Every structure is written in C-alpha cells, then in structure tokens.
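> Structure, please.
(2 chains)
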Amino acid sequence: AQRVTQPEKLLSVFKGAPVELKCNYSYSGSPELFWYVQYSRQRLQLLLRHISRESIKGFTADLNKGETSFHLKKPFAQEEDSAMYYCALSVTYNTDKLIFGTGTRLQVFP
Amino acid sequence: DVKVTQSSRYLVKRTGEKVFLECVQDMDHENMFWYRQDPGLGLRLIYFSYDVKMKEKGDIPEGYSVSREKKERFSLILESASTNQTSMYLCASSLDPGSSGANVLTFGAGSRLTVL
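Numbers count the residues shown, from 1 in each chain, chains lettered A, B, ... in the order given. Just a heads-up that it's a prediction; the model follows:
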C-alpha cells in the first residue's frame, strides 16, 4: 500500500542551525513527491516538488529512490520557517490524488 | 486573490444534524478534493472529483457524501454528524492532469467543525 512516513512530530532547532525534516515513502510505481507547508493562521500551500528540482526559501529536497526518501533540508534555519510541514506522494497521475504524511512541526528558536 | 473559498470558517453542530460544507474555486480547475486534518494523523482524503457529477472515494469516505453539480463548486455532506467527525476540513483544487500545474493543490482556508 502507498504510504508516507514522517517520523518526527516535532523538530526544534535554534536560528542558524541546519534543518532536516525526514520523509519516507512506500510506492511501487514512479513517485512524484511534494512538500507542503502551513504557517500559523495561513492556508496549506505548496513549498516544493521534486520534479522542479528547485530551492524555495532556502529549502531543498532530493528524491532518493534507493532509500525511498524525500527529506527536506535547509542549511540555516530562520525563525520564519516555524510551521507545519507535510510530505505528500502523488499516486494516480490522472487525478492528482495525494497521500500526505502526518506532518512535522518545525520550531525555530531565536 | 483568494482562489479556493470555503463558505464556513467555524461551525458547531449537534449529533445527528445534517451538515453541508461548501467549497468554491475560481481557477477553472478540473479536480477538487476534500480532506480532513487532525493532529497526529495529518491530512486524510475523504472524497475527490475530477469532473462535474463525478466523484471517487478517498481513504475515509464513511459517514460522508459529496456533490459536484458545477465545475467550480464541491460540497461535502455529513448526513448525520457524529462527535468523531469533529475536525478541520480542507477543500483543495488542482489543474487538469497534463497541465504545467498539474498535481499542485491549492487549498482553502479550512472549515473547523465541532460536533457536540
């Protein structure tokens, strides 16, 4: 069965520290993976997608098919990065159905 | 430039009541979705629709139904609300597959439902 696992419910770091939010997936097909973010009192929004291979707000994520992982990384965390982060897997090309992980709350302390 | 609008931000209902949650998008998107968001459980797909009058069950459809009579509107219906349906409900939409923005969901602000 398709599944997305985010093992950490909460990740706390100090400003300037590196951040890695873990995401592992289970899917036998060709995966399409995403990171969505929800800042306090804001809507859930797309942060980045693996096929774009771009850096957004200093965050990057590389798809590792061997380890079935799509970890989100940022070398130097900022206080404004504090938010809820969800990893998501697209399993059906024609209908854009996404399976989400349980989310990781990132807290960046000053 | 609000693109996905959920009509009710907060609702309080009693057990057994019928509940309608409305969602409207103005982006001419083909696909629309209803998720519920619960702490520790993440987002779980209830129903989705890829065309007018078409619907497909998601992972947790029990106790819910949906209606899509017009392309821009997707309604979630709780026929007889129960306390375990207390949750945040998120509506989302996405472009037609094959488009440059396909697989990217645009979410509404959410509807927080409390069932007493």
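
> quick one: strands adjacent to the longest strand seen in chain A?
Longest among the strand segments of chain A by residue count, using DSSP state E, is strand A:83-92. Strand pairing for strand A:83-92, determined by DSSP bridges: strand A:32-38 (antiparallel), strand A:97-100 (antiparallel), strand A:104-109 (antiparallel).

> what residues are up against residue 68?
The chain I'm using is chain A. By CB atoms under 8 Å, 6 or more residues apart in numbering or on different chains, the residues touching A:Thr68 are A:24-27, A:31. In short, each C-beta sits where N, CA and C put it, glycine included.

> That was the other one, I meant chain B.
Taking CB under 8 Å, 6+ apart as the criterion, B:Arg68 is in contact with B:32, B:49, B:51-55, B:74-75.

> quick one on the thing from earlier: using PDB, list the CA coordinates for the longest strand of chain A.
What follows is strand A:83-92, C-alpha atoms only, in PDB (Å, rounded to 0.1, in the frame of the first residue of the first chain):
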ATOM      1  CA  ALA A  83       5.500  26.000  10.600                       C
ATOM      2  CA  MET A  84       3.800  22.600  10.000                       C
ATOM      3  CA  TYR A  85       5.400  20.700   7.100                       C
ATOM      4  CA  TYR A  86       3.700  17.800   5.300                       C
ATOM      5  CA  CYS A  87       5.300  15.500   2.800                       C
ATOM      6  CA  ALA A  88       3.000  14.200   0.100                       C
ATOM      7  CA  LEU A  89       3.100  11.500  -2.500                       C
ATOM      8  CA  SER A  90       1.100  11.500  -5.800                       C
ATOM      9  CA  VAL A  91      -0.100   8.000  -6.600                       C
ATOM     10  CA  THR A  92      -2.500   8.500  -9.500                       C
END
